[in-house]
Structure formats: C-alpha cells, structure tokens
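J.: The following comprises the amino acid sequence and a computationally predicted model.
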Amino acid sequence: MKPSQHIKIFLASLSGASFALLSACHTPMPADDAAAAATKAAGLRAAIIFQTNSAPIDLAASTNSLALPDAVQQAVLASPEIQMALARARAAQADAWQTRVLPNPVLHILFRLPEGGGATAIEAGLATELAHWIQQPRRIRAADHRLRAAGATVVTAALDVIAETETHYLAHVAHQETIALLQQRQSVLAALREVAQRRLEIGEGTRLDVAAMDAQLAEVLAELAEQRMKLAIEKLALARLLGQPSVLHDFQLSTPLSDPAPVPSEAAWISNALQRRPEIQSARAELAARGDDQALARLAWLSGLGAGLAAERDPDWSLGPSVTVPLPIFDTGAAARAKAEAELIEVRHHLTQLLRRAVQEVRQAHIAQSQLQAAANHVRERLIPLQQERARLARAVHAVGQSDITPVRLAELDLQAAQLRLLDLRRRLATAAIQLRRAGGGPISMPQP
C-alpha cells in the first residue's frame, strides 16, 4: 500500500473517531434566555434587547407625566448595567460554544539534509491532542454552569435597577407631598405670628410670643429648603435612571404613595429568597463549575498527551502510529489540584455568606415593613382622628366667641405635624417594601398569611 493511501486511511479514521467522540461528549447549548429572564423579573411589556452599540449620554426626552410602571420600564430598557451584564452573558455563551469545538490536528514536517549529500530525508506527522478530548465533557459542563451564572447576574442587575427606580420615584413623590404640607404649616405659622404681633401692639401679648412664632417660621423655612434640595437630588437620580441625566425635568409623577399589600410570613419570604434570589442561583452555578474545574485539575498531568500518524522517507517511505505521553516527573499536577480545591472551597463559603445575608436582609426588611405598617396604622387611625377632633372642637369654641383664633391655629399645627409624621412613615414603609421584594428575589405571587 502506498504511503498516501495510509495517510488517507488515517485521516478517515481520525475523522470517524472525531465524529464519535464529538457525538459522545456533545450536549445541547443552554438556551440564551438571560434577556427573557430579566424581562420577566422586571415585569415589562417590552422585551429587553441586547444593544451592540453604546447609547448616548441622553436618550430622547420622554413626557414629564410618568407612572411608576412606565418609569421602571424606561429605566430597565435604558440601563447600561443590564447591557453590561448581557454582554458578559454573551461572552459566557461564546465560552460554552468554544468548549464544544474539537482542537485542530497538528501537522508536523521535518526535512533532514544528509552530511554527505544524497536524498533529503523527510519526516511528517499528523497528531491531535487526546487530553483535550478526554477533558472535553467536563469543560462543557463547567462552561454551561458559568453561562447559567452569567444569566443570573443579568436578572440581578434588572432587580437592582427596578428597586433603585422605585425608591427614587416614591421618594420624589414623598418630598413633593412634604413640601406641600410644610407650605400649609408655613401659612398657619404666619397667621399665628400676625396674631401675636397684634396682641403685642395692643399690650395683650409679649415679645416672647412673637419671637416663638418667628423661630418656628424659621424652622419651617429651613425644613422647606432641605426638602427642596432633596427633591432636586431625587429628580437628578431619576433622570439618570431614565437615561436623561442632562435634561431638565419637572416630573409629574402620577403614581401616589400607597401602603403595600399585607406582608406574607417571614418564613415564606425566606423560602422565596433562598430559591429565587439570582445572586444565590449564580453562586450555585459557579459552585458546580468549580466542581468540574476540580475534576479537570486531577487530569492536569495529561496535558500534552497526543496521538497521531508519523511518516518518514529515508529513502523509502515508512508509516506508523505515534503517541506523545507526558512524563509527570517535575509537574505532577499537585499545584493545579490544590488551586482548584481552594477555589472550590472559596465558592462554598461565598454561597454560605450569600445565604446568610439573604436571610438577614429578608428578616430586617420584613421587621421594618411590619413595624412601620403598625406605626402608620396607629397614626392614621388614632393620632390623626384625635387631632382632627381637637381642631374641630377648637373651631366650634372660636365660632361661639369663647376663644380667639390661636387655639384653632395651634390645633391645625399639631394636625399638620401628625400628617407629616404619617407621610414620613408611609415613605419609609414603601422603601421597606421595596427592600423586602429585592431581598426576597422578587414578589411572592401567592401571599401567605
């Protein structure tokens, strides 16, 4: 048989073996559903799409009238953090794809010139790396786990953007309502100050009464200035989330503050967090990938193992199989195994850290929401009705001429103070509800009593 025929037979055998090994270790690629999972987590009407080009600093200006669901959708679609996470997921998908590709065979040709002249001796070899073939199934599994971990980070980014947007939106609403109440309080104090001034002028009051009203007016004005500053900061934060940081906005936010739904049990939220929180899902996938890395490290000494076909002409052609076997004399793979084990142990502890932190954050947010809800209910159902009744009685007494306007104004001030307290509690309650949903990895679809 001619050498060329031997080579053809070898190539055919190599192709058949490659096909057999490829079929044996081939597994379907995990679905590229990171964007879909993030869309579902965000509850969007429009799907999140991976953008290959960076967006401008300012997107096209939207209407100033904005409901909370629209603000969340716009923020998620405009988020560079989500696009960065999607890009990392694409890179992980490319890695998963690459692990399914067999290594190229290596062609080796050597020309030897005899010292005394004569025909040139030729050596040729065709080899492939057997170690890669042996390790390929594990490499595929590790890459697939990392692809799932990267997909979970996309959901993490989406939940973070949602929570941040909701927090700034509701804080914006709360500051607007606070400013309106403080302006009413300023009007009442101005009226009381006028009464104190008139009493001083007719000799029935003292400068202390006027000074007390001036001090309270100054305090309200300082609080108004602080609230306007906070409102301006919230506007800038919301504009940045909406992709328009340089645009001057006068947002008309149409979703008011509202009390959250009844709080499900703490155990239900903890169970929801441990199952659905994307950071935990990502860590579990990374832990599985590290386990595959550890298994691969046990075969690290096989690096360089190869097999092929070698041919030589000196002067006639000869053909035969060739094997390249590494000798683990100096590098036995112990260092690689130790490193893989240490990295696996690190991820185990990281997962424990995430689980403990998730439980802590859920419990903290659950306690905050429960206690703030109780406090808000007390102010709404007990304190404010009492202050309203006091103001009503003060007006009735003033109407029949048994007192001047001062008790009425003082009652109105205390009523406004109670309303401001309720507004602050409702803002903190809304923030606690957002934090609880984020800590729990998303809302619980069927609240449990």
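T.: Received, thanks.
J.: secondary structure element for residue 312?
T.: Assigned by DSSP states H and E, residue 312 belongs to strand 306-313.
J.: pLDDT weak spots in the stretch 251-400 of the chain?
T.: The model of the stretch 251-400 of the chain has pLDDT under 70 over residues 313-315.
J.: quick revisit: who does the next helix or strand after the strand holding residue 312 touch, helix- and strand-wise?
T.: Counting by DSSP H and E, the element after strand 306-313 in chain order, helix or strand, is strand 317-324. Counting contacts by 3 or more Cβ pairs under 8 Å, 6 or more residues apart in numbering; DSSP states H and E, strand 317-324 is packed against helix 3-25, strand 121-129, strand 306-313. All C-beta spots, glycine's among them, are computed from the backbone N, C-alpha and C.
J.: Which helix or strand lies directly C-terminal to strand 317-324?
T.: Note on strand 317-324: by DSSP H and E, the next helix or strand toward the C-terminus is helix 334-378.
J.: Do a quick rundown of the helices in the stretch 1-150 of the chain.
T.: For the stretch 1-150 of the chain, applying DSSP state H, counting those that start in this stretch gives helices covering 3-25, 34-42, 68-78, 80-99, 130-201.
J.: Just the angle for the fourth one relative to helix 130-201, thanks.
T.: I take that to be helix 80-99. 170 degrees (axes from the mean of the first three to the mean of the last three Cα atoms, to 10 degrees).
J.: ok, and what's touching helix 80-99?
T.: If you take Cβ atoms under 8 Å, 6 or more residues apart in numbering as the criterion, helix 80-99 is touched by 29-30, 32, 34-35, 38, 48, 50-51, 54-55, 76, 136, 139-140, 142-144, 146-147, 149-151, 153-154, 156-158, 160-161.
J.: for stretch 292-304, same thing?
T.: Contact partners of stretch 292-304, identified using Cβ under 8 Å, 6+ apart, comprise 129-131, 134-135, 138-139, 141-142, 145, 324, 326, 328, 331-333, 336-337, 339-341, 343-344.
J.: List buried residues within those.
T.: Taking 16 or more other Cβ atoms under 10 Å as the criterion, what is buried in these is 129-131, 135, 138-139, 141-142, 145, 333, 336-337, 340, 343-344.
J.: Name the nearest of those residues relative to residue 112.
T.: Using Cβ to Cβ, residue 129 is the member of these that lies nearest residue 112, at 25.6 Å.
J.: And stretch 44-59, end to end?
T.: End-to-end distance for stretch 44-59, by Cα to Cα, to the nearest Å: 19 Å.
J.: buried residues in that stretch?
T.: Neighbour-count burial for stretch 44-59, counted by 16+ other Cβ under 10 Å, picks out 44, 48.
J.: And for stretch 238-249?
T.: Using 16+ other Cβ under 10 Å as the test for burial, stretch 238-249 gives 238-244.
J.: Reformat the helices of the stretch 1-150 of the chain as TSV; add mean pLDDT and distance to residue 111.
T.: As requested, those are exported to TSV (pLDDT from 0 to 100; distance: least, Cβ to Cβ, whole Å):
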stretch	mean pLDDT	distance to residue 111
helix 3-25	47	16
helix 34-42	81	52
helix 68-78	91	62
helix 80-99	92	35
helix 130-201	91	27
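J.: And these: which comes nearest residue 374?
T.: Closest to residue 374 of the helices of the stretch 1-150 of the chain, according to Cβ to Cβ: helix 130-201, at 19.3 Å.
J.: Check which helices and strands whatever helix or strand comes next after that closest one sits against.
T.: Using DSSP H and E, the helix or strand that follows helix 130-201 towards the C-terminus is helix 207-241. On a contact count with 3+ Cβ pairs under 8 Å, 6+ apart, helix 207-241 meets helix 68-78, helix 130-201.
J.: what pLDDT, on average, does helix 207-241 get?
T.: Summarised as a single mean, pLDDT over helix 207-241 is 92.
J.: Which residues lie in contact with the closest residue in space to residue 390 that isn't next to it in sequence in this structure?
T.: In this structure, residue 390 finds its nearest non-sequential neighbour in residue 411, 4.8 Å apart by Cβ to Cβ, 6 or more residues apart in numbering. Residues near residue 411 by Cβ under 8 Å, 6+ apart: 387, 390-391, 393-394.
J.: And residue 411, how close does it get to residue 231?
T.: To residue 231, residue 411 is 29 Å away according to Cβ to Cβ, to the nearest Å.
J.: ditto for residue 389
T.: 33 Å.
J.: Comparing those two, which shows the higher neighbour count?
T.: More neighbours surround residue 231 than the other of residue 389 and residue 231, with 19 against 12 (other Cβ atoms under 10 Å).
J.: My read is that that one contacts residue 175, right?
T.: Yes. Assessed by Cβ atoms under 8 Å, residue 231 is found in contact with residue 175 at 4.1 Å.
J.: circling back: can you say which of the helices of the stretch 1-150 of the chain is nearest to residue 351?
T.: Taking these one by one with Cβ to Cβ, helix 130-201 is closest: 11.6 Å.
J.: chain center to the closest one: distance?
T.: From the chain centre to the centre of helix 130-201 is a distance of 12 Å (Cα atoms, centre = their mean, to the nearest Å).
J.: does residue 66 have beta-bridge partners, and which?
T.: Under the criterion DSSP bridges, residue 66 forms beta bridges with residue 253.
J.: Wait, it touches residue 249, no?
T.: No. Taking contacts as Cβ under 8 Å, residue 66 lies outside contact range of residue 249: 9.2 Å.
J.: can you list residues touching both of those two?
T.: Common contacts of residue 66 and residue 249 (Cβ under 8 Å, 6+ apart): none found.
J.: can you pull the contacts of the nearest residue to residue 324 once chain neighbours are set aside?
T.: Residue nearest to residue 324 in three dimensions, not counting chain neighbours: residue 306, with 4.1 Å by Cβ to Cβ, 6+ apart. Applying Cβ under 8 Å, 6+ apart, we find residue 306 in contact with 106, 127-131, 323-324.
J.: do you know how far residue 306 is from residue 135?
T.: When Cβ to Cβ is applied, the distance between residue 306 and residue 135 equals 13 Å.
J.: now swap in residue 444 and tell me
T.: Plainly put, residue 444 is 43 Å away from residue 135 if you go by Cβ to Cβ.
J.: Also residue 316?
T.: From residue 316 across to residue 135, the span is 39 Å (Cβ to Cβ).
J.: repeat for residue 374
T.: 59 Å.
J.: Report the spatially nearest residue to residue 436, omitting neighbours in sequence.
T.: In space, and not counting its chain neighbours, residue 436 is closest to residue 365: 3.7 Å by Cβ to Cβ, 6+ apart.
J.: typo on my end, it should be residue 370
T.: Excluding the flanking residues, the one nearest residue 370 by Cβ to Cβ, 6+ apart is residue 263, at 5.6 Å.
J.: hang on, that neighbour in a strand?
T.: No. Counting by DSSP: H, G, I helix; E, B strand; the rest coil, residue 263 is not part of a strand but coil.
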